[in-house]
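K.L.:
Mind looking at a prediction? Sequence and model below.
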Amino acid sequence: MTTHSFALHIPDAELEPDPLDPAQIVSGRPEVAGKVLWESADGKQIRGIWQITPGVVTDTEADELFVVVSGSATIKVEGGATFTVGPGDMAVLRAGDRTTWTVHEMLRKAYAINL
């Protein structure tokens, strides 16, 4: 993790395995990897990269803005919208959103989370 200004080529960034809670997996065998690149001193702001292989998973979201670098997924927000994201798409998720992610092809995103 870095504490200074930086630039990074997201497609080539090395990520670390981040196993899913088995209770989140609806179908398939999705695997997750990620890397926190920057975190505020108080831990309330996080910037990083996250990746997931195909499958269907559920999650409860944080306040997040992300941009998809590669891959695609359909995200269904319980009681709200369903949208499909792919390379170049930006999405915003609200804290507490309960989501179901159907990952069509390995998805990699850069994200900014506020806790």
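P.N.:
Looks like it arrived, so ask away.
K.L.:
any idea how far V77 is from A23?
P.N.:
Distance check for V77 against A23: by C-beta to C-beta, to the nearest Å, it reads 19 Å. Just so you know, the C-beta spots here come from the backbone N, C-alpha and C atoms, and that holds for glycine as well.
K.L.:
So which of these two has more stuff around it?
P.N.:
Neighbours per residue, other C-beta atoms under 10 Å: of V77 and A23, the larger number sits with V77, 15 against 8.
K.L.:
Tell me which residues touch that one, please.
P.N.:
With C-beta atoms under 8 Å, 6 or more residues apart in numbering as the criterion, the residues that contact V77 are L93, D97, R98, T99.
K.L.:
any chance of those residues in TSV, plus distance to I46?
P.N.:
As requested, the contacts of V77 are exported to TSV (distance: C-beta to C-beta, whole Å):
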residue	distance to I46
L93	14
D97	17
R98	20
T99	18
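K.L.:
tell me the two of the residues you listed that are most distant?
P.N.:
The two members of the contacts of V77 with the most space between them (C-beta to C-beta) are L93 and R98, at 10.3 Å.
K.L.:
what touches both of those two?
P.N.:
Common contacts of L93 and R98 (C-beta under 8 Å, 6+ apart): E61, V77.
K.L.:
Looking at the two, which is more packed in?
P.N.:
Neighbours around L93 and R98, counted as other C-beta under 10 Å, are more numerous at L93. The numbers are 20 against 13.
K.L.:
Next one: the nearest residue to that one once chain neighbours are set aside from P11, what distance?
P.N.:
The shortest distance from L93 to any non-neighbouring residue, by C-beta to C-beta, 6 or more residues apart in numbering, is to E61 (4.1 Å). Plainly put, E61 is 24 Å away from P11 if you go by C-beta to C-beta.
K.L.:
Perfect, that will be all.
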